[in-house]
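Colleague: sequence plus the predicted model coming up.
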Amino acid sequence: MVSNEYDAVIVGAGGDGPVAAWKLAEAGLSVLVLEAGPFHGNEQWPKPHEEPGGEASASVEDLSGELLDEQFTTRESEMVNKLVFGPADHERGFYVRKFPGDGAILQCSGVGGTTLHYTGNHPRAYPASIDEQGHWPLDYADRVPCYREIEEVCEVAPAPVTAKEELFFQGAEAAGWDLLDVKNVTEPGYRPQPNTIRQPDGKLHVDGDFTYPEVGSRSQRK
Amino acid sequence: MGNVPIAGPVAAVLDLSATELLDRGDNEDEPSVDRALTLLEPDDAAAWAVRFAAGPFSKRSRRDRLRAIGLLDGYELELSPVSGFLFEADAGLVGQLVVGFAEVIYYSEWQGYDEFTRPPSQREHPNDPAAVQSWRQTGYPGDASGYAALRGYVDKPDSPLGGGDVWKDLDGDVRIARDSGNFRENDYETSGYEEPYPEGA
């Protein structure tokens, strides 16, 4: 049920909007979050890319793991299509984004925003990107307590290594880069991602090729 | 989804950039048709045919090819504004196509759908490894909820990262270990930073 008035309206339910909504609601304010992209795994929008669905969702009862598994698959090209940076109705086109120079930013639209393809990577901003740019109304140091709080809530920890990362770390080390073990990155180097995904069970350790398709006892080592 | 063949136009743009690189004298290595020939496999086109067809881009060294792609950033696409739409682009897009589109689209799982043109909720993907070219080529058995692929965590002596049993030694004193450890909170110093896109420049 959407009211006519709120104390605060947050535009965008990406990586940051919901956190802002949470803090404001915790402070006792009424908050509305607006999102034009799809909300996967929500029974209010059973076909988020084909039909308008419901008007709003305000209850955890709306969340469905079954629906999420069906809509949010591990097929990459399919998800690139579903998470295109624009409204859930793709016929309405993409959002325009301008940035200096060439490059591709793979931004995602929808509840969760770009965290949806961000593999749980949860780094702090580079201190220089705040302190050396002039247009920020706050210093990097002001953000550190916020980082600490959210890192604790999200249980941020070093990401596990698969064969790909192992190769990357080996190459980075051989090329003479330093391993960074700090939270505030001010020097070039390499490091595991600060990650918000729960760490895998040690039983999933393999030394050679990964095993499939069932993660059964046959493929596990101590 | 339309089927737009882009291999020809992309190759033509890359050849243009490779020619431009040579015109500017910015190449580090001499062009050689042998580079194109080394990529051949037994069932590919005959060497004489490749010698005949190889374009300037394929004759450049690997580093020069990258330089040529870099030149594309400088080609602005000139389009008159149509019905108020903002459209700005440059040929740098071609480099992104070359690097990204092959992996994300061509080698993706799209061939495995029973019927690709249906709406997302009506598409079936039977997850048949034989139905997808890249899966056949790599022996990938199809997607699953999880594979056993954990190698461990980066570990270095005197670092808070890593811990527990060492499972593998990498280069130098970097290793892969059982425990993740944690990152260290540190003071920071940013005075050496140079802003790449200064405001008002």
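Modeller: In hand now; what should we look at? On a predicted model such as this, the values are computed, not experimentally measured, just so you know.

Colleague: need the helix or strand of chain A with the lowest average pLDDT.
Modeller: One helix or strand of chain A scores below all others by mean pLDDT, DSSP states H and E: helix A:76-82, with a mean of 86.

Colleague: what's the helix or strand that comes right after it packed up against?
Modeller: Downstream of helix A:76-82, the first helix or strand assigned by DSSP states H and E is helix A:127-131. Using 3 or more CB pairs under 8 Å, 6 or more residues apart in numbering or on different chains; DSSP states H and E as the contact test, the elements touching helix A:127-131 are helix A:140-153. Just so you know, the C-beta spots here come from the backbone N, C-alpha and C atoms, and that holds for glycine as well.

Colleague: after the helix it packs on comes which helix or strand?
Modeller: Following helix A:140-153 in sequence order, the next helix or strand is strand A:157-158 (DSSP H and E).

Colleague: residue contacts, the residue nearest the centre of chain B?
Modeller: Centroid check for chain B by CA atoms, centre = their mean gives residue B:99 as the closest residue, at 3.4 Å. By CB atoms under 8 Å, 6 or more residues apart in numbering or on different chains, no residues touch residue B:99.

Colleague: now do residue A:123
Modeller: With the criterion set at CB under 8 Å, 6+ apart, residue A:123 makes contact with A:185, A:193, A:194.

Colleague: need the pLDDT of the last one.
Modeller: Put plainly, it is residue A:194. Note for residue A:194: predicted pLDDT of 94.

Colleague: for it, phi and psi?
Modeller: Note on residue A:194: its backbone torsions stand at phi -70, psi 120 [degrees, to the nearest 10].

Colleague: that one bridge partners, please.
Modeller: Applying DSSP bridges to residue A:194 gives these bridge partners: residue A:158.

Colleague: would you mind giving the domain segments of chain A?
Modeller: A:36-117, A:127-204 (automatic domain parsing).

Colleague: re earlier: for the least confident helix or strand of chain A, what is the distance to the chain centroid?
Modeller: Counting by CA atoms, centre = their mean, to the nearest Å, helix A:76-82 is centred 16 Å from the centre of its parent chain.

Colleague: does chain B sit close to it?
Modeller: Yes. Residues of helix A:76-82 contacting chain B under CB under 8 Å from any CB of the partner chain: A:76, A:77, A:78, A:80, A:81, A:82.

Colleague: wasn't residue B:115 part of a helix?
Modeller: No. Applying DSSP: H, G, I helix; E, B strand; the rest coil, one finds residue B:115 to be coil, outside a helix.

Colleague: burial count for it?
Modeller: A count of nearby residues for residue B:115, using other CB atoms under 10 Å in any protein chain shown, gives 8.

Colleague: my guess is it contacts residue B:126. True?
Modeller: No. In this structure residue B:115 lies outside contact range of residue B:126 using CB atoms under 8 Å: 11.3 Å.

Colleague: please report phi then psi for residue 61.
Modeller: Here I'm looking at chain A. For residue A:61, the backbone dihedrals are phi -60, psi -20 (criterion: degrees, to the nearest 10).

Colleague: sorry, I should have been clearer: chain B.
Modeller: The phi/psi pair for residue B:61 (degrees, to the nearest 10) reads phi -70, psi 170.

Colleague: report pLDDT for it.
Modeller: Residue B:61 is assigned 93 on the pLDDT scale.

Colleague: got any ranges where chain A has weak pLDDT?
Modeller: A:1, A:99-104, A:210-222 (pLDDT under 70).

Colleague: report the central residue of it.
Modeller: Central residue of chain A (CA atoms, centre = their mean): residue A:115, at 1.6 Å.

Colleague: so what's that residue up against?
Modeller: Residue A:115 sits next to A:14, A:15, A:108 when contact means CB under 8 Å, 6+ apart.

Colleague: how much space separates the second one from chain B?
Modeller: From residue A:15 across to chain B, the span is 19 Å (CB to the nearest CB, to the nearest Å).

Colleague: same question for the last one.
Modeller: Between residue A:108 and chain B the distance is 14 Å, computed by CB to the nearest CB.

Colleague: circling back: next, the residue nearest to the centre of chain B: secondary structure please.
Modeller: Residue B:99 is classified as helix under three-state DSSP.

Colleague: report how many residues lie close to residue B:33.
Modeller: 13.

Colleague: right, and it touches residue B:52 too?
Modeller: No. Residue B:33 sits out of contact with residue B:52 when judged by CB under 8 Å, with a separation of 9.4 Å.

Colleague: for the closest residue to residue A:165 other than its chain neighbours, what are its contacts?
Modeller: Nearest non-adjacent residue to residue A:165, counting by CB to CB, 6 or more residues apart in numbering or on different chains: residue A:192, 7.0 Å away. Residue A:192 is in contact with A:158, A:159, A:160, A:161, A:165, A:169, B:153, B:154, B:161, B:180, counting by CB under 8 Å, 6+ apart.

Colleague: ok but residue A:192 is inside a helix, no?
Modeller: No. Residue A:192 is assigned coil when assessed by three-state DSSP, not a helix.

Colleague: any idea how many residues pack against residue B:49?
Modeller: Using other CB under 10 Å, residue B:49 has 10 neighbouring residues.

Colleague: tell me the SS of it?
Modeller: Three-state assignment for residue B:49 (three-state DSSP): helix.

Colleague: distance-wise, check it relative to residue B:36.
Modeller: 11 Å (CB to CB, to the nearest Å).

Colleague: for the contacts of residue A:115, give me JSON lines that also has neighbour count.
Modeller: Shown next, in JSON lines, are the contacts of residue A:115 (neighbours: other CB atoms under 10 Å in any protein chain shown):
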{"residue": "A:14", "neighbour count": "21"}
{"residue": "A:15", "neighbour count": "15"}
{"residue": "A:108", "neighbour count": "21"}
